[in-house]
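[1] only geometry, no sequence info:
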């Protein structure tokens, strides 16, 4: 037991009588301080062993395997079977001893828990139904955590079916915490890794029941064998547990059994709770900046195709450098999201199944190609006719970038969260790519024209500024309308995931949402609009105007998209098992 | 083998592990290994070198915990399997019992409030000198009884006895009471009056042997999960009847749930008695041989017709008849009650209405029967016998000269030192402070600033004290923060002694953790106070808890709670706890024993008494202005009372709502415009609190429920008391609700 430090609000008076037991005390004949000292040192003696030692030696209890054998399957696993938790709802009384026992018997850290107890309620005033539900990892047939993991830190034991996490392989990307529909893997911030329930496989291996099962006073938790095909068949009905995420996504193996018929209105007590999710700021920045970078390259390629090449080629070296800078910053930002960034290289391990792995590889290729391309554009200079190899290099930048953004989209689509559906995410990510691509090109033009004194840049602004502004306004309008259209779900009668997102946007996170739309309007519509009003005029007539308006346009777009991406993370409705009151 | 080949051999797997690492530091951190001592696997870092059993320090169930030791110091714990109480199980509080000791909110040194109001750490010598001089000064100015103490049901018996003896015999205080007044007083008085001694008659085995279990105002699943374990182990498919206005977890598991109108229990049980008598479903032989007052009782309940009872309880007649029939048909019927009965303005008579049912049907003294009060705190039962507050040490009577002489002889003190009048009860002490009669208060191991009824007034009362001394493990409890002097105490696990559980089982506490800073066991603090007061000659024999246990044994001789047959702590430890009575020379005893098997009770005529009264209406019925009845109670098994300890465990904190909440029926919520999770303002005549709405059918329309663990809830409750037990009526007062937008 460590001794924590004294509460800071209480001042210490320094030397105490106890530190100075022999202090001469002329007035009182009784040696009070000495008595205090005696008692203080006696207090520090641990006496249990000494006083009761005879008893310890004699009383070692028998191994518990016998006592708890009823909680385990009686016969070994047959092919096509695996172990699974079985929860007898009729016995679970909601004491939550399982949570604390799991914590304690597995030596978890201070506030770390691998099991949760939620509460379902329903019925009528005459016949209310309250049902506590204990849940942990469901050791799914198709664990989303395992598929999502970019470093193969998950393994499903071919015999027992236990989904085990390899703590030392994990590099702390936390993608599994987003992928698991049941909120099972828990990120351990101090260690920088995820940890989770392994059904106490070490205990099972020697015939001991898992911690939660041995600790349940009502024997509500047992380990049973399940037939894998039956798990698949049963998932078809979608009835896993009222209020729990759809079982056909990952095929969870836990059985919740009850002899009662649960009423149709059975719902988790936290069903109407709206809670903001983790923002994942490094991911917010990484997504916005990778999309900016990809967009910046793509806009340049597009302009080279459609506009006067002799002008565009003058802009290319500076713009590709800028685009590259944002791309590399994005990748740097993304490593801050890793609990153990020095192991980032392990991401290639999961290429065959993990969209995160693929994203990392795609953006890695994008960055490499980008470096080469940017370097090459400096070295070849402003040539009007690009050599073939240079075109190929550009194409590979574009392809890798598009592939990267596509992987980003798939990462979120894979989680099956409604707000993150493929369509939803694709619209957001692609429009961000386009919007910031155009904005960044405008930034390059403005900087070259005003600071670099580039005539080509001035010409491009004068000649194509109006079109760029119109495109910008069109993209921004489309994006803002799309984002705002989420609010239509507020009218939904059912408390759908998208309604929850909308509720967060108009409730707890309304200030973020307002700021997001304000920035979007300012940078995507108002500022380009101003620029449009003065389109075609010589740059030299309004340098100050150009500088201020473009800077505001670009910053607002960037802040707006960052806020949009923050809301993308914070307002998503994450599926989970039923929670308790106030959870 | 050369070094280079060795390196080459290991380098391939090493390279592979760079990409895919199956093992390493993190994996090792969670390794389990056989713990020995029959524990099964334990985390390797917590592998014990010794294991010792001790009784848990939260509730009165009195579970035993195997404390895992490394070099004598606790590193972990698991519930004991071979202990007759918990049979290998514990609730979350027990599992987390050690983690709450290690908190930065512990009191590490004495803390004194300077004249400028600032709290400062000080040393024990200064603290004790101040304590003694301030108390003496107040006593000199205002009389000895101007200083009072409030004790607890959470300390070992030996410490309670020391405190009671020191305060009353040594320091001349007259008034002292315990927080057990808030939970057990009604049961105590009910038993004393009915049986002649405060004697819960049961053993936990009765839960397993009943065929009808009647639970009144008791939510075992949440308040006593391990007792519920015993119910679930009952092999007789028992009829489980829950009487509770709320649909609790326990009610959910019942075969019959009677959702009666709050505080209409007495009507119900009188009505049941009438049905039993009318059908002659009573045990005439037992009534004749073992009881007094049945005829008068029968006459009294004659008025409680089915119509009347159905109207006052708002229960359908069939439900009432069905309960009566179940009691009649049961071969072994047990009646159990907790705070729903005790915390009432008519708790004593309500408890006795249950005792009456057990007596008239002969359901007492046999396996699976009894009128059984389930206690609250871990050592409320020790406090009831030995705290020297309501009764003189050992269940004796302060007003009886013979008793005083006897106790004085046993303690080798002058009988004149023993007050000849009773202590005032908790509420009277609070009133005494309000009236200016009591100027100083010594609060030990309890938290009245949170727990006392009508909190706004309670805080005002505590504020009027000239000198408030608080002795506690934590410097941050609501009461500790008000203290003029805070004495840092060691907690459960850091000291020795014994507890007595609900079924009268004595269990041992051991010292397995080091108290932080200069915290001392309450026992040592009392020794020091005696020393500084100059009355230590009275306590020459009181050197260790075990010494005091010997004294208590002597005092218990020939009393119903005789424990003279217990050799020492080791014997209690080896026997798996020992239930009282355990008189000397009775030979080996069974591990589970119940009282009254011979049909003889503790009154002089050896007969139990039927006691009854006219039921009273709600003390504060709902009105137009305050249309809801506020129910209070326990919320989760992870919270304990005022949360001084349970709030210190990070894991327990995850298991309950951080915000206070109020259960509201869907009908009422709709009417009040309150949605799920909205903040709601709850107001009574006395105060207002904010809580989050939990809309649920668990409460009936017109009633709302709030958990008692949130500190502000007692701003609402109404300070009315049972006239016999002086127990506060926490469970029902009138409130109004409104949605809070603030």
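    Sure, I can see it. Keep in mind that what you see is a predicted model, and the values were worked out from it rather than measured.

[2] Once you drop chain neighbours, what's closest to residue 192?
    You didn't say which chain, so I picked chain A. Computed as Cβ to Cβ, 6 or more residues apart in numbering or on different chains, the closest residue to residue A:192 that is not its neighbour in sequence is residue A:339, at 2.6 Å. Placement of C-beta: from N, CA and C, glycine included.

[3] should've been chain B
    Nearest to residue B:192 is residue B:198, by Cβ to Cβ, 6+ apart, at 5.2 Å.

[4] pLDDT below threshold where in the stretch 301-450 of chain B?
    Applying pLDDT under 70 to the stretch 301-450 of chain B flags no residue at all.

[5] Thought residue A:436 was touching residue A:296, still the case?
    Yes. Residue A:296 is within contact range of residue A:436, at 7.3 Å (criterion: Cβ atoms under 8 Å).

[6] Could you name every residue contacting both of those two?
    The overlap between the contact sets of residue A:296 and residue A:436 (Cβ atoms under 8 Å, 6 or more residues apart in numbering or on different chains) is empty.

[7] Pop the domain breakdown of chain B in here.
    B:201-373, B:628-739 (automatic domain parsing).

[8] And the first one, end to end?
    Translated: domain B:201-373. 9 Å (Cα to Cα, to the nearest Å).

[9] does any part of that domain sit near chain A?
    Yes. Using Cβ under 8 Å from any Cβ of the partner chain, domain B:201-373 reaches chain A at B:221-222, B:225-226, B:228-229, B:232, B:247, B:249-250, B:252-253.

[10] Out of these, name the ones that lie in helices.
    B:221-222, B:225-226, B:228-229, B:232, B:249-250, B:252 (DSSP state H).

[11] re earlier: and of the domains of chain B, who's closest to residue B:526?
    domain B:628-739 (20.4 Å; Cβ to Cβ).

[12] Please list all residues in contact with the residue nearest to residue A:192.
    Here residue A:339 is in contact with A:170-174, A:187-189, A:191-193 (criterion: Cβ under 8 Å, 6+ apart).

[13] on that earlier part again, want to throw the domains of chain B into a markdown table with distance to residue A:494 and mean neighbour count?
    Shown next, in a markdown table, are these (distance: least, Cβ to Cβ, whole Å; neighbours: other Cβ atoms under 10 Å in any protein chain shown):
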| stretch | distance to residue A:494 | mean neighbour count |
| --- | --- | --- |
| domain B:201-373 | 26 | 22 |
| domain B:628-739 | 14 | 21 |
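
[14] Among the ones you listed, which comes closest to residue A:423?
    When the domains of chain B are ranked by proximity to residue A:423, the top entry is domain B:628-739, at 30.5 Å, counting by Cβ to Cβ.

[15] for the record, mean pLDDT for that closest one?
    Here domain B:628-739 scores 96 as its mean pLDDT.

[16] got the end-to-end distance for it?
    14 Å.

[17] repeat for stretch B:588-597
    18 Å.

[18] Which of the residues in it are classified as buried?
    When burial is assessed from 16 or more other Cβ atoms under 10 Å in any protein chain shown, stretch B:588-597 yields the following buried residues: B:592-596.

[19] Tell me which other helices or strands the helix or strand hosting residue B:160 touches.
    Using DSSP states H and E, residue B:160 sits in helix B:157-165. Judged by 3 or more Cβ pairs under 8 Å, 6 or more residues apart in numbering or on different chains; DSSP states H and E, the packing partners of helix B:157-165 are strand B:147-151, strand B:175-178, helix B:380-386, strand B:494-500, helix B:522-533, helix B:545-556.

[20] Now with 6 Å, please.
    helix B:380-386, strand B:494-500, helix B:522-533, helix B:545-556 (3 or more Cβ pairs under 6 Å, 6 or more residues apart in numbering or on different chains; DSSP states H and E).

[21] now, the most widely separated pair of the ones in helices among the residues of domain B:201-373 next to chain A?
    Taking Cβ to Cβ, no two of those sit farther apart than B:226 and B:252, at 18.2 Å.

[22] and the closest residue to residue A:200 other than its chain neighbours, what does it touch?
    With Cβ to Cβ, 6+ apart as the criterion, residue A:200 has its nearest non-adjacent residue at 3.6 Å, and that residue is residue A:210. By Cβ atoms under 6 Å, 6 or more residues apart in numbering or on different chains, the residues touching residue A:210 are A:199-200, A:203.

[23] a strand runs through residue B:662, doesn't it?
    Yes. Under DSSP: H, G, I helix; E, B strand; the rest coil, residue B:662 sits within a strand.

[24] you'd agree it is up against residue B:691?
    Yes. Applying Cβ atoms under 6 Å, one finds residue B:662 in contact with residue B:691, separated by 4.1 Å.

[25] TSV for the domains of chain B, including distance to residue A:383?
    Listed next are these as TSV, based on distance: least, Cβ to Cβ, whole Å:
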stretch	distance to residue A:383
domain B:201-373	79
domain B:628-739	64
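
[26] Which residue does the stretch 101-250 of chain A have closest to chain B?
    With Cβ to the nearest Cβ as the measure, residue A:107 is the residue of the stretch 101-250 of chain A nearest to chain B, at 2.8 Å.

[27] Tell me the backbone dihedrals of that residue, please.
    Dihedral pair for residue A:107: phi 60, psi 40, per degrees, to the nearest 10.

[28] element containing residue 288, please.
    By default, I'm working from chain A. Assigned by DSSP H and E, residue A:288 belongs to helix A:281-306.

[29] You answered for a different chain; I wanted chain B.
    Per DSSP H and E: helix B:284-290 holds residue B:288.

[30] Look at residue B:53 and say how many residues are nearby.
    When neighbours are counted by other Cβ atoms under 10 Å in any protein chain shown, residue B:53 registers 25.

[31] Just list the residues touching it, thanks.
    Applying Cβ under 6 Å, 6+ apart, the residues near residue B:53 are B:64, B:66, B:80.

[32] Leaving out sequence neighbours, find the closest residue to the last one.
    For residue B:80, ignoring the flanking residues on the chain, the nearest one in space by Cβ to Cβ, 6+ apart is residue B:64 at 3.9 Å.

[33] Let me know the pLDDT of that neighbour.
    Residue B:64 is given a pLDDT of 97.

[34] pretty sure it contacts residue B:78?
    No. With contacts defined as Cβ under 6 Å, residue B:64 does not count as touching residue B:78, sitting 10.4 Å away.
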